[in-house]
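Colleague: Generate coordinates for the sequence data below:
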Amino acid sequence: MAALLPLLLLPACEAAEPVTGILAAANIDSVMLIGRTVPDAVVSAVARRDCSMVRLDRGQSYCRPEEAPPAPPAYCTRSLGSVDCWRQPPLALPLPRGLADGRATLTAAQEADRTRRWPGLW
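Modeller: Numbers count the residues shown, from 1 in each chain. Here you go, the predicted model:
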């Protein structure tokens, strides 16, 4: 099939016009639908990263950089009339009860979702 593509160009430039029009329409449609051109989608699939010409138009890098893991939340405790927060829990024993109810780190499912590759198929 790929060997037959150059044969489309043999008659003259007129034979290439419908092909280039179809490719241009496909690229415009893909930018509107998935935010990247057809070649960008191929590069993204091969590189397993989010790559797009749209990012270059915005003055960013071609491929989205790897996201750093989120910073751990501050450890906050009640104090007399206020709240005290630290980057790390205090070394006091027993450890004062924190104000946050949630987890201090991501679960395995959250981390897998955060590091999932585009388009989420790998």
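Colleague: Which residue ranges make up the domains of this structure?
Modeller: Domain segmentation of the chain under automatic domain parsing yields 13-66, 68-99.
Colleague: Now render those as CSV, adding mean pLDDT and distance to residue 107.
Modeller: No exception for glycine: its C-beta is placed from N, CA and C like everyone else's. CSV is the format used below for the domains of the chain (pLDDT from 0 to 100; distance: least, C-beta to C-beta, whole Å):
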stretch, mean pLDDT, distance to residue 107
domain 13-66, 81, 20
domain 68-99, 82, 12
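Colleague: Which stretch among those is buried most, on average?
Modeller: Compared across the domains of the chain, domain 13-66 shows the largest average neighbour count, a mean of 13 (mean count of other C-beta atoms under 10 Å).
Colleague: so which of the domains of the chain comes closest to residue 112?
Modeller: Relative to residue 112, the nearest member of those by C-beta to C-beta is domain 68-99, separated by 12.6 Å.
Colleague: Among the domains of the chain, which comes closest to residue 114?
Modeller: Among the domains of the chain, the nearest to residue 114 by C-beta to C-beta is domain 68-99 (7.7 Å).
Colleague: could the domains of the chain go into JSON lines alongside distance to residue 111?
Modeller: As requested, those are exported to JSON lines (distance: least, C-beta to C-beta, whole Å):
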{"stretch": "domain 13-66", "distance to residue 111": "13"}
{"stretch": "domain 68-99", "distance to residue 111": "8"}
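Colleague: Looking at the ones you listed, which is nearest to residue 109?
Modeller: Distance to residue 109, taken as C-beta to C-beta, is lowest for domain 68-99 among these, at 14.7 Å.
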